[in-house]
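1. got a predicted structure plus its sequence, pasted below:
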Amino acid sequence: MNLPELGDSLFWNLPRWHGQSPFYEVYFLKLNAKRSVQDEAIDAWGTSRPSALWIRYTLTAPARASPIGEVWAFIFCADAPARSRGAKWAAPISTVRWCKGFPIRIGDAGELTHTTASGSLIVDGQPLQWALQWEPGDSAVGLFPMRWMYRTRFPRTKYVSPHWNVRVSGTLSWGEHCWQVREAPAQQAHIWGTRYAERWIWAHCNAFDKAPDAVFEGLEVQVRFGRWLTPPLRMLYLRTAETCFFTHRWRTLVPQQNVAQQVGSWRFEAIEGDWRLVGECHAHPDQILGACYTDPDGSHRWCHNTKIGRATLQLAKWSGDHWQIVLSLQARDTCAIEWVEPVPDARIERWV
C-alpha cells in the first residue's frame with residue numbers, strides 16, 4: 001500500500017502561481033472548536049457559540065480578466081445552525097503580497113503563514129476576527145494515488161494538506177463576543193491548478209468521539225475532458241495510532257460500492273487487501289452553507305459546505321470466513337463535508 005505522506009510540509013505550502021493564467025490557488029484552514037472554546041460571553045450567546053471555522057485565502061487568474069485575491073470566512077454553530085454565517089472579500093491582485101515566497105497576504109483582510117492565520121471580515125454585519133497559530137507538521141498528506149500526479153498537468157487540480165492533523169490555538173471574536181481557542185483539531189490545506197473538477201465530494205474529520213488520535217479524509221471526484229466525464233475516482237485515508245487504511249478506486253469498477261450522491265449524504269464501502277472500510281458522512285440542509293466557486297474559465301461550481309456534519313466509520317479485517325470489526329468511529333457535529341456540483345441544490349437556503 002502506497003501511503004500518501006509526501007514529506008516536507010513547508011515545500012507543499014509554497015505558492016505555485018507565478019503570474020500564469022488561467023490558474024487558481026487556494027489555501028484553507030478549518031477547525032472544530034466545540035470542545036475547545038472558552039466562551040467569555042456565554043450569558044449573551046447562550047449555547048449557540050461558534051463550534052467550527054472555515055477560512056479560505058484564494059487567488060484566481062482568469063484567462064481573459066485581471067487576477068483577484070479573496071478572503072472567505074465561514075463560522076458554524078452546531079447548537080444553533082441557523083446562526084451559521086459566512087462572508088467573502090475580493091480585492092485586485094495589487095493587494096496580494098507574497099512575503100519571501102510564503103506567506104500570503106491579501107490586503108488588510110487576511111494573512112496566512114506556515115504556522116499562523118489571521119484576518120478580519122464583516123460577517124452578518126459584525127466584524128469577525130481571528131488570530132490563530134499551530135506547530136508545523138513534519139509531513140504533508142496528499143490523496144492522489146501516484147506521485148507523478150503532483151508533477152504533471154493531469155489532474156488539472158492539485159490537492160495537498162501540509163497540515164493534515166494539527167491543533168490550533170488563539171483568539172476568535174465576532175461582534176462583541178470573544179473566545180479563546182485552545183488545541184482545537186484542525187486542518188490546513190493547499191489547492192492549485194488550471195481548472196476545477198466537474199464535481200466532487202470531500203470529507204475530513206480529526207475530532208471523533210472518544211478517539212482523539214483518529215483522522216479520516218475522503219475524496220470522490222469526477223473530471224471532464226471535453227464532452228467526456230470520467231467515472232468517479234474515490235480516495236479514502238484513515239489513520240490512528242495503531243491502524244492505517246488507504247485506498248483509491250474508480251467507483252464504477254467495484255459495483256458493490258454503491259454511493260448516495262445527493263447533497264447531504266455520502267455513503268461508501270472500500271476493500272483494500274484484507275481490510276474493509278464502511279462509512280457514512282451526512283448533514284442536514286440546515287447545517288450547510290452554500291458558496292460559488294468560480295473557475296478560471298468563468299464557469300461556476302456550487303459548493304455545499306458544512307464543518308458540523310456527522311460521520312460513522314467501521315474498519316474491519318477479513319478473518320478467513322467473516323469480516324471482524326476492529327475499529328468503530330463516530331463524529332457528532334465535527335465532520336467537515338463538501339458537496340460540489342455544477343448546479344446549486346435548491347434545499348440550501350443560505351448562500352454566501
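-> Yep, it's here.
2. for this structure, give me the ranges with low pLDDT.
-> For the chain, the stretches with pLDDT under 70 are 1-2, 34-48, 251-261.
3. what are the boundaries of the helices in this protein?
-> 42-45 (DSSP state H).
4. please enumerate the strands of the stretch 151-300 of the chain.
-> Secondary structure of the stretch 151-300 of the chain (DSSP state E, counting those that start in this stretch): strands at 157-174, 177-193, 199-205, 215-222, 224-225, 228-229, 233-239, 244-250, 265-272, 275-282, 289-294, 300-318.
5. measure residue 327 to residue 338 for me?
-> Taking C-beta to C-beta, to the nearest Å as the measure, residue 327 falls 24 Å from residue 338. Glycine gets a C-beta too; all of them are placed from N, C-alpha and C.
6. and of the strands of the stretch 151-300 of the chain, who's closest to residue 66?
-> strand 289-294 (13.5 Å; C-beta to C-beta).
7. packing partners of that closest one?
-> With contacts taken as 3 or more C-beta pairs under 8 Å, 6 or more residues apart in numbering; DSSP states H and E, strand 289-294 sits against strand 68-76, strand 85-92, strand 300-318.
8. among the ones you listed, which comes closest to residue 181?
-> strand 68-76 (12.1 Å).
9. given that closest one, what are its sheet partners and their directions?
-> With DSSP bridges as the test, strand 68-76 is paired with strand 52-61 (antiparallel), strand 85-92 (antiparallel).
10. tell me the buried residues in the last one?
-> I take that to be strand 85-92. Buried residues in strand 85-92, counted by 16 or more other C-beta atoms under 10 Å: 85, 86, 87, 88, 89.
11. measure the residue lying closest to the third one once chain neighbours are set aside to residue 96 for me?
-> Distances taken as C-beta to C-beta, 6 or more residues apart in numbering place residue 123 nearest to residue 87, at 4.4 Å, with adjacent residues excluded. Computed as C-beta to C-beta, the residue 123 to residue 96 distance reads 21 Å.
12. residue 331: which of the buried residues of strand 85-92 is nearest?
-> Nearest to residue 331 among these: residue 86, at 21.6 Å, using C-beta to C-beta.
13. quickly list what the closest one is bridged to.
-> Residue 86 has these beta-bridge partners by DSSP bridges: residue 74.
14. and the gap between it and residue 284?
-> Taken as C-beta to C-beta, the span from residue 86 to residue 284 is 17 Å.
15. then residue 54?
-> 18 Å.
16. more crowded one of those two?
-> Legend: neighbour count by other C-beta atoms under 10 Å for residue 54 and residue 284, higher for residue 54 (21 against 13).
17. buried residues in stretch 332-342?
-> 333, 334, 335, 336, 337, 338, 339, 340, 341.
18. tell me which residues touch the fourth one, please.
-> By that I understand residue 336. 30, 32, 52, 54, 187, 202-205, 305-307, 309 (C-beta atoms under 8 Å, 6 or more residues apart in numbering).
19. contacting residues around stretch 322-335?
-> Residues contacting stretch 322-335 (C-beta under 8 Å, 6+ apart): 32, 34, 51-52, 78, 185, 203-205, 207-209, 211, 214, 216, 240, 243, 276, 281, 283, 307-318.
20. apologies, that question was intended for stretch 12-20.
-> Taking C-beta under 8 Å, 6+ apart as the rule, stretch 12-20 contacts 6, 23, 25, 27, 59, 61, 98, 101-102, 104, 114, 140, 142, 158, 160, 162, 188, 190, 192.
21. quick check on those residues: which are buried?
-> The neighbour-count criterion (16+ other C-beta under 10 Å) marks 6, 23, 25, 27, 59, 61, 104, 114, 140, 142, 158, 160, 162, 188, 190, 192 among the contacts of stretch 12-20 as buried.
22. name the nearest residue to the first one, sequence neighbours excluded.
-> Just to be clear, that refers to residue 6. residue 140 (4.5 Å).
23. partners of the one you found in the sheet?
-> Note on residue 140: beta-bridge partners by DSSP bridges are residue 7.
24. who are the contact partners of it?
-> So residue 140 contacts 5-9, 11-13, 160-164 (C-beta under 8 Å, 6+ apart).
25. neighbour-wise, give me the winner out of these.
-> Result: residue 161 is most packed of those (other C-beta under 10 Å), 28 neighbours.
26. run through the bridge partners of it.
-> Applying DSSP bridges, one finds that residue 161 bridges with residue 141.
27. that one touches residue 142, doesn't it?
-> Yes: in this structure, residue 161 is within contact of residue 142 by C-beta atoms under 8 Å, at 7.2 Å.
28. re earlier: dump the residue contacts of the residue nearest to residue 87.
-> Shown in contact with residue 123 (C-beta under 8 Å, 6+ apart): 73, 75, 85, 86, 87, 174.
29. how about the buried residues of strand 85-92, which pair is most distant?
-> Largest separation among the buried residues of strand 85-92 by C-beta to C-beta: 85 and 89, giving 14.0 Å.
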